[in-house]
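Visitor: Provided below for reference: sequence and predicted model.
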Amino acid sequence: MKFMFLLVNVTSIDSDFHAKFADDSFLNLEHCQTREKLSKFILASQDDETGGCFDRPGNISDPFHTLLGMAGLSLLNIYNENIIREVNPVLFMPEYVIQKLEIKMQLL
């Protein structure tokens, strides 16, 4: 879960140029404070007419944000495997595809 918040959080620089973590009010991320709230935000970003997800409710859906939304729901582990399959967070692909294709990770 900390990984998801790390993806969402940013750092801000104060007047003395010391890095500090921005708070939720600065980022307007009150909807991301719990797994349930974050999953509701992702689900609210679905386009009911054409399918897919967008970056925030009311915008146009696109493949990039659809992939991010599905991966986010998988990483949040809210739903069981029958609804949303596990996504590998490094390769950004479904884990079953990686195993089926026998893709091996390489460390550099």
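Guide: Looks like it came in fine.

Visitor: what helices or strands is the helix or strand hosting S74 leaning on?
Guide: In this structure, S74 sits in helix 63-76 according to DSSP states H and E. Applying 3 or more C-beta pairs under 8 Å, 6 or more residues apart in numbering; DSSP states H and E, one finds that helix 63-76 contacts helix 2-8, helix 35-44, strand 87-88. Placement of C-beta: from N, CA and C, glycine included.

Visitor: Give me the residues contacting the shortest one.
Guide: Contact partners of strand 87-88, identified using C-beta atoms under 8 Å, 6 or more residues apart in numbering, comprise 70-71, 74-75, 93-95, 98.

Visitor: and with 7 Å instead?
Guide: Residues external to strand 87-88 that are found in contact with it (C-beta atoms under 7 Å, 6 or more residues apart in numbering): 71, 74-75, 93-95, 98.

Visitor: Please work out how many residues are found near the spatially closest residue to R35 that is not a sequence neighbour.
Guide: Closest residue to R35 apart from its sequence neighbours, by C-beta to C-beta, 6 or more residues apart in numbering: L76 at 5.0 Å. Counted with other C-beta atoms under 10 Å, residues neighbouring L76 total 17.

Visitor: how about the nearest residue to Y79, chain neighbours excluded?
Guide: Nearest residue to Y79 in three dimensions, chain neighbours excluded: L73, at 6.6 Å (C-beta to C-beta, 6+ apart).

Visitor: so that neighbour sits right up against L38, yeah?
Guide: No. Applying C-beta atoms under 7 Å as the test, L73 and L38 come out as separate, 9.1 Å apart.

Visitor: For the two, indicate the residue with more neighbours.
Guide: Legend: neighbour count by other C-beta under 10 Å for L73 and L38, higher for L38 (22 against 19).
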